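# task: produce atomic coordinates for the following.
(chains A and B)
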Amino acid sequence: MKKRIGVYVCHCGGNISDVVNVSEVVTAVKDMEGVAIAKNTLFACSDAAQNEIVNDITSLHLDALVIASCSPKLHLHTFRAVAERAGLNSYNYVQVNIREQCSWAHSYEKVSATGKAIQLVKSGIERVIFSRAMEPFSIPAEQSVMVLGAGIGGMRSAISLANVGLQVYLLEREFFIGGRTAQWGDLSAAYENGPEVVSRLFKQIREHANIHLFIGAELISQSGNIGSFEVKVKIKPRRISGDCDESGFNQAISICPVEVPDDFNFGLTSRKAIYQHYPSEYPAIPAIDDANCNFCGACESLCKSIDLNQKEEILNLKVGNIIVNTGFDPYEPTRGEFGYNEIERVLTLPQFKRLVDISGAGKLNFKGKQIHTITYIFCVGSRQGEEGENQYCSRYCCTTALNTAIIVKRKFADITNIHCTRGIRTYGKQELIYEESSRQGDIFLEFSFENMPVVEERNGKVFVRIKDILTANREMEAETDLVVLITGMVPRRNNNIAQMLKIPTGRDHFFNEIHAKLRPVETVIDGVLIAGTCQGPKNIMETLNSSMAAAAKSAASLSSGTIHLEPIVADVNTDQCTGCGICLTVCPFDAIVTAGPEDKPAVSIVISRCKGCGMCLPVCPEDAIELYGFTNEEMEGMIDGLTSY
Amino acid sequence: MNSINPKLACDLKKFGTFDFSSCYNCGQCTAVCSITGPDASFPRMFIRYGMLGLTEEIISSKDIWLCYACGDCSETCPRQASPGDLMAALRRFSMAKYEPTGLSAMIYKSNWFSLVFTLALAVFLGFFLLTIKPDIPVSRWLFNFVPFQIIHDLGMIAFIFMGITAFTGLINMYRKINRKEKIKLRLKNTLLTVKQVIAEVFSMKRYRSCDDDKFSYWQSKNLLVKPWFLHFSIMLGFLGLLTATVLDFILKDPALKTWWPSRILGTVSGLFLIYGTIITLIYRIGKVTPAYSQTRMADWLFLIFLLLAGITGFWLELAVFTDAASTLNNLVLLVHTVLSMELVVLFAFSKFGHAFYRPLALFFHFYKNLEK
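Numbers count the residues shown, from 1 in each chain, chains lettered A, B, ... in the order given. Modelled structure (predicted):
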């Protein structure tokens, strides 16, 4: 019970006092039981007012503090610091919001606004009476981080973390590193291609003693919490143990009888069951793909480092943080969507990029015909309207499409590009790419969501029909040698990371951050960070930005060796708890575990995982759970304050 | 349905447009144009037609002729796509399409062809003129070489051929535009419209509105230096001289009678013509506004021919007071006549063609308005 409470009612310039009669509020509460002093102040957040409050706390020996001002989102930490400076525990401070929740909301009802403000302040006082002093929890932090995904984002995170002295476990599910960027060919505005960028990062990774790279490795289970996650990793057998002379591998590849479509080239070419995507790829040895290998053993006899009996391995690791950077999949159009999979001259953007990359300069040929006119249809699988699955813009596609159009025109003879867009979004500096494409004579047409272009094949010729907004909605048709569907990004298929790590996903199935603007790489799970395109569409620069942000955030949380957690957590009264376990089913963070002796079962809270959400409280039939900072006494006090007249 | 033809843009460039591919369809050109209308939407829509290669849309359009190339659009364009130049190029392109021989296309596309063809034609016309005076020594020498009758007949054939071609061009234009506008000619409306067209040609009201527009460079300039006035001077000068020449021909005795109305008309018209062409040439040389900065060989030749025809005309007028029959004066007469004949012969194939294509477009424009 607090007996010497200081109450300050802020004018906020005129933001509050123009509507709420501040001195009336002060008068109404100053004689309440426990209130030692009640004042109004022009700006509670000003230096002068803060000093005055500090002086009052020390000179009047106040034991609790209430400030009625703006939203706690704005100044909770300011005033908690004021309390701390005066030697008062910051959890004995309660902020009452009479600006957003009162003066701004009721600017035309001044009299009742003042009444409401009085009730709000009273309820704050009734709450602070029962407040308890609390200190943040401290837990030790493991000096290591696991990064999931060795695309360029993951690699960049790993390097940044290793540079500040943390141990990094970098996991790649595939047998080769580099992710989507390795497939990407020439990059926009970089004068480099994807494989070059990937090898640059890989060289740094190989030289770094702190980075432990696992290829063909998947996370299979996780437990623990920030500071000490216990993770289990499965390493798939590559079935190639060491080095082999190059000709041995080449012979092994040529003798392999299994031929399957090559995913790396999005099915444009085929590969063997023992394969390597391109000669300079890392790691520079091939892999055998179990899903397609028939284990005939023909290759084993040619190269002694091939070992078809290699077994999978399981690793147990302990890490302080996990950074998820698992990337995206290109949108796969449905059969017949703009002729996809029905007309053979219809490709997706990733396929086309591969085609451009693997074709020699001069003439561009596809399926035995030289390509002159290329028609690009934008926003395929993105911006699908209110009814559609993917409502978002995939961000990278306009730029990549136009950049590819420029490359195509430069690399191959006699090319005309026709772009059917829904408005060009080459934002920021990428506008220059649009400029260049426009100046090189590319043709731009614009269609609306209601009038999608139609791709048709007649007498062996492909036509794209479009209603062009830019030409008074006139319907016209372009004969074309190739149609490229500018497909967007979708979350990775068969990605069970979200369930395993309990990362919430959005309506779009991408991983969700806590706060889009203020905490863009953190998730609601402490110690689990997200970066890159698993979070939503991004271009390479944005991917690296977020990857380095995640690395910085992660390093900052682990570097002191201990982690401080909010003390607002649930607490179980073991006398009352019957161990029924209902609370376990509702906790979204797996923060409740069964404990206690067999004859007296009870549950207990893992404080490092508890987020203080309060979900467990109402379901407990025994009312055995309390939430620090929101105890029953405090909540009842608030209600009393609100309803007292 | 229209078919997109990306090749047309390349073809149009040969007709003297700049690089209009950088256009991003903002529509500022249409916004600043003082004579475009809600149902016309030029120049922006024509950039689209040009880019997409909608040839039919271009050649069936009266709208390209409603533009007087003030150049405000090119000046305003945020992408330097020069819509004004494109409109001019589209007019050349359309003239080449209407005219059935393909000669106009070659004249417009190639400056060299334009020059060589004009000079060759001048030589031929010179020879042709000698058929009128078969007795002078040069003629005798020439006719020893090529029979008199052949040159004479060829000349006549050429005149008839050019006449038919020009007429066909007009008919083609009428048919193309009417396929889109679908007007039904009625006597009363036709007469009313012809009256409007004539009023427009002689008042230059629309052209004037371009120069007087608040965005225009010329808005605050003196009347005498405004483009519409220069155009007006050249047109009046040419028509006046034509009338005077015809009157002289009818009256049979041009010499010495200074105060005859036909002589006064000729003198005044000649002064207007020379004034208009000189100032226009200065503008083109100095590139005062974007509208004057893109000059094709066909434009130069047209203006220079007009100017030279005017100057030689005055020379001859003075010559009749002195030694009219001197060799120099005969030579000047030859040059003057050749220039005048070239202007007439190349009427349908040169920039001059706009003198009947534009009134026809105006006819459609006014007729449509009347029908509404």
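
# tell me the secondary structure at the residue nearest to residue A:473 when sequence neighbours are not counted.
Once flanking residues are discounted, residue A:473 sits nearest to residue A:467: 5.3 Å by Cβ to Cβ, 6 or more residues apart in numbering or on different chains. In this view, the C-beta of every residue, glycine as well, is placed from N, C-alpha and C. Secondary structure state of residue A:467, per DSSP: H, G, I helix; E, B strand; the rest coil, is strand.

# mind checking pLDDT for residue A:467?
On pLDDT, residue A:467 comes in at 96.

# repeat that for residue A:595.
pLDDT, residue A:595: 84.

# so what's it closest to, chain neighbours aside?
Excluding the flanking residues, the one nearest residue A:595 by Cβ to Cβ, 6+ apart is residue A:604, at 4.2 Å.

# check which helix or strand covers that neighbour.
Using DSSP states H and E, residue A:604 falls within strand A:602-605.

# ranges for the strands of the stretch 201-350 of chain A?
A:211-215, A:217-225, A:228-235, A:259-261, A:270-272, A:274-275, A:287-288, A:313-319, A:321-324, A:328-330, A:346-348 (DSSP state E, counting those that start in this stretch).

# I'd like to know how many residues surround residue 302.
In the absence of a named chain, chain A is used. 18 (other Cβ atoms under 10 Å in any protein chain shown).

# wait, I meant chain B there
21.

# could you do residue A:220 as well?
13.

# residues contacting it?
By Cβ atoms under 8 Å, 6 or more residues apart in numbering or on different chains, the residues touching residue A:220 are A:232-234, A:314.

# nearest to chain B, of the residues you listed?
Within the contacts of residue A:220, proximity to chain B (Cβ to the nearest Cβ) peaks at residue A:233, which comes in at 51.2 Å.

# beta partners of that closest one?
Residue A:233 forms beta bridges with residue A:219, residue A:315, as assigned by DSSP bridges.

# can you pull the pLDDT of it?
pLDDT, residue A:233: 97.

# again, but for residue B:15
Residue B:15 is assigned 88 on the pLDDT scale.

# tell me, how many residues neighbour it?
Residue B:15 has 21 neighbours, counted by other Cβ under 10 Å.

# specify the local secondary structure of residue A:612.
Look at residue A:612: counting by three-state DSSP, its state is coil.

# touching, it and residue A:569? I think so.
Yes - look at residue A:612 against residue A:569 with Cβ atoms under 8 Å: they come within range, at 5.3 Å.

# thinking again about what came up before, and among the strands of the stretch 201-350 of chain A, the most buried is which?
Highest mean neighbour count of the strands of the stretch 201-350 of chain A: strand A:321-324, a mean of 28 (counted as mean count of other Cβ atoms under 10 Å in any protein chain shown).

# counting by contacts, list what it packs against.
Secondary-structure packing of strand A:321-324 (3 or more Cβ pairs under 8 Å, 6 or more residues apart in numbering or on different chains; DSSP states H and E): strand A:144-148, strand A:228-235, helix A:497-501, strand A:528-530, helix A:540-558.

# check which strands are paired with that strand and give the direction for each one.
In its sheet, strand A:321-324 lies beside strand A:144-148 (parallel), strand A:528-530 (parallel), with partners assigned from DSSP bridges.

# roughly how far is it from the heart of the chain?
Relative to the centre of its chain, strand A:321-324 is centred 11 Å away, using Cα atoms, centre = their mean, to the nearest Å.

# tell me the mean pLDDT for it?
Within the predicted structure, the mean pLDDT of strand A:321-324 is 97.

# distance of residue A:614 relative to residue A:627?
Separation of residue A:614 from residue A:627 (Cβ to Cβ, to the nearest Å): 5 Å.
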